[in-house]
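[1] how would this look folded up:
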Amino acid sequence: METSIMAIIGIIIFFIGALIITLGRTLNILRFFFGDRSMFTQMFWGIIFICIGLFLIILDSPQLR
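    Take a look at the predicted model:
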């Protein structure tokens, strides 16, 4: 089974988004990155990253070829 670079990048971006949503409140580095903004901003950016990651994974699916 061959995995392309686009799928790997999509998986990485998806997991970054999931980490932003789940660990955004506890990891101080994420609080500094987002300028200590509200949790809604962190959830918004996490959802954006998850959507981009899922889009790349779906775009790379063999059914679309």
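[2] who's in contact with the spatially closest residue to residue 59 that is not a sequence neighbour?
    Sequence neighbours aside, residue 6 is the residue nearest to residue 59 in space, at 6.7 Å (criterion: Cβ to Cβ, 6 or more residues apart in numbering). For glycine as for every other residue, the C-beta is placed from the backbone atoms N, C-alpha and C. Residue 6 makes contact with 56, 59-60, according to Cβ atoms under 8 Å, 6 or more residues apart in numbering.
[3] which among the residues you listed end up buried?
    56, 60 (16 or more other Cβ atoms under 10 Å).
[4] taking the contacts of residue 6 one by one, which sit in helices?
    Secondary structure from DSSP state H places 56, 59 of the contacts of residue 6 in helices.
[5] Would you reformat the contacts of residue 6 as TSV and include distance to residue 48 and pLDDT?
    Shown next, in TSV, are the contacts of residue 6 (distance: Cβ to Cβ, whole Å; pLDDT from 0 to 100):
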residue	distance to residue 48	pLDDT
56	13	92
59	16	89
60	19	86
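[6] List just the nearest of the contacts of residue 6 to residue 24.
    The shortest gap between residue 24 and any of the contacts of residue 6 belongs to residue 56, at 21.8 Å (Cβ to Cβ).
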